[in-house]
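*Asks:* how does the following fold in three dimensions:
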Amino acid sequence: MFVDQVHMEGVVRTVDLTGFDGYDHMIVELEKLFNIKGKLHMHNQWKLTFKDNEGDMILVGDDQWP
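*Replies:* The predicted structure follows:
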């Protein structure tokens, strides 16, 4: 299990990343979790980023997964 935190406008949720089979699946589930259906796909309103192991901010999708 690989658990990480997702932050959105001050709201923090813990998410098990091993439950997703890629970025698209993760985006669908995050939209459900934060009740923002359709706002993450195609960067409609939000951009997803993460910090890599060096602390750099990376745009979700720039690294291949899985």
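
*Asks:* quote the end-to-end distance of stretch 40-52.
*Replies:* Using C-alpha to C-alpha, to the nearest Å, one end of stretch 40-52 lies 20 Å from the other.

*Asks:* kindly apply the preceding question to stretch 49-64 instead.
*Replies:* Criterion C-alpha to C-alpha; first-to-last residue distance in stretch 49-64 is 14 Å.

*Asks:* ok, stretch 48-58 next?
*Replies:* So stretch 48-58: terminal residues 9 Å apart, C-alpha to C-alpha.

*Asks:* doesn't Thr18 belong to a helix?
*Replies:* Yes - assigned with DSSP: H, G, I helix; E, B strand; the rest coil, Thr18 falls within a helix.

*Asks:* need the strands for this structure, in chain order.
*Replies:* 3-8, 11-16, 49-51, 57-59 (DSSP state E).

*Asks:* buried residues in the second one, which are they?
*Replies:* If I follow you right, that is strand 11-16. Val15 (16 or more other C-beta atoms under 10 Å). Where C-beta positions appear, they are placed from N, C-alpha and C, glycine not excepted.

*Asks:* please apply the same query to the first one.
*Replies:* Burial within strand 3-8, assessed by neighbour count using 16+ other C-beta under 10 Å, is assigned to Val6.
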